[in-house]
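>>> One predicted model, sequence on top.
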Amino acid sequence: MSNLDFDMPVRSSEASIVYRYKNNLYLNLTNKCPCACTFCERNMRDRIGHSSRLWLSHEPSFAELTSALDQYDLTSFEEIVFCGFGEPTEALDVLLETARYLKGLCLTDKTGRSIPIRLDTNGLGNRINRRDIAPDLEGLLDRVSISLNAPDAETYQKLVRPKFGIESWQAVVDFAVEVKNYVPFVRLTTVDTTLTRDEEKRCRELCRSMDVTYFIRAWGS
């Protein structure tokens, strides 16, 4: 199968739409993604953490997600994260409805700490939905983690191979700047196996200029 297949085929009819990984609970909304990253984990394996296969037979509805969430003690997790085998903003309406439901539960752990809700995204939600989605996230998410992946458009294009072309990297940066106005914590990430030290330094400097956190994530973690 080519890495350039943007919407990968279904691999299992018994997929996890909610799964545990480390101390977090993850919500797998879709397998659709506008990118074909050279380092994408889903090209190497079909499950993560305490999940069954993450290739979905269909995109889960809000009712299916809440039913799956009801099987867990949500107060036992450090974070609840929108992240699976696709780009969550490809299923924006369900994402927003589910985030609103979770916020309505006012979840806290045993110490009384509010349990944050995080979105892991490639930052191309505006292009995917053909409109500005950042204002929709206000009050629903506590954290957004955006895959920057590269310090410039040319490197990004080689590594990420987005279907929106060379303008995609700038779209990610622009989204990060804007979403800061609506979500308390924003970070940009790169993968530890893909960039040189100099490229990571440039990413760090970019994040510093944007006043957002920079995080180098380990591949496979």
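Okay, I see it.

>>> drop to CA atoms for contacts and neighbour counts, all remaining ones
Will do.

>>> and the top strand by length along the chain, what other elements does it pack with?
Longest strand of the chain, by residue count under DSSP state E: strand 185-191. Judged by 3 or more Cα pairs under 8 Å, 6 or more residues apart in numbering; DSSP states H and E, strand 185-191 is in contact with strand 143-147, helix 168-179, strand 213-217.

>>> next one: it to chain centre, how far?
Averaged C-alpha coordinates place strand 185-191 at 10 Å from its chain's average position (Cα atoms, centre = their mean, to the nearest Å).

>>> Now it: buried residues?
For strand 185-191, the neighbour count (16 or more other Cα atoms under 10 Å) marks Phe185, Val186, Arg187, Leu188, Thr189, Thr190, Val191 as buried.

>>> which helices and strands does the helix or strand following that strand pack with?
As assigned by DSSP states H and E, the chain's next helix or strand after strand 185-191 is helix 197-210. Secondary-structure packing of helix 197-210 (3+ Cα pairs under 8 Å, 6+ apart): strand 213-217.

>>> just to revisit the earlier point, strand partners of the longest strand of the chain, parallel vs antiparallel please.
strand 143-147 (parallel), strand 213-217 (parallel) (DSSP bridges).

>>> Let me know how buried Cys106 is, in neighbour terms.
For Cys106, the neighbour count with other Cα atoms under 10 Å is 11.

>>> Next one: the nearest residue to it once chain neighbours are set aside from Leu124, what distance?
Using Cα to Cα, 6 or more residues apart in numbering and skipping the chain neighbours, the partner closest in space to Cys106 is Ser114 (7.3 Å). Between Ser114 and Leu124 the distance is 28 Å, computed by Cα to Cα, to the nearest Å.

>>> do Ser209 as well
Relative to Leu124, and taking Cα to Cα, Ser209 is found at 21 Å.

>>> hmm, back to that, pick out the most distant pair among the buried residues of strand 185-191.
Farthest-apart pair in the buried residues of strand 185-191 is Phe185 and Val191; separation 19.7 Å (Cα to Cα).

>>> I'd like the buried residues of strand 185-191 written out as a markdown table, with distance to Trp169 and pLDDT added.
Formatted as a markdown table, those follow (distance: Cα to Cα, whole Å; pLDDT from 0 to 100):
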| residue | distance to Trp169 | pLDDT |
| --- | --- | --- |
| Phe185 | 20 | 98 |
| Val186 | 17 | 98 |
| Arg187 | 15 | 98 |
| Leu188 | 12 | 98 |
| Thr189 | 13 | 98 |
| Thr190 | 13 | 98 |
| Val191 | 15 | 96 |
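
>>> from those, which is closest to Val177?
Distances from Val177 to these, taken by Cα to Cα, are shortest for Val186, at 9.0 Å.

>>> quick one: contacts for the nearest residue in space to that closest one that is not next to it in sequence?
Once flanking residues are discounted, Val186 sits nearest to Val144: 4.9 Å by Cα to Cα, 6+ apart. Contacts for Val144 were tallied using Cα atoms under 8 Å, 6 or more residues apart in numbering; they are Arg118, Leu119, Asp120, Thr121, Val183, Phe185, Val186, Arg187.

>>> If we use 6 Å, what do you get?
Contacts for Val144 (Cα atoms under 6 Å, 6 or more residues apart in numbering) come out as Arg118, Leu119, Val186.
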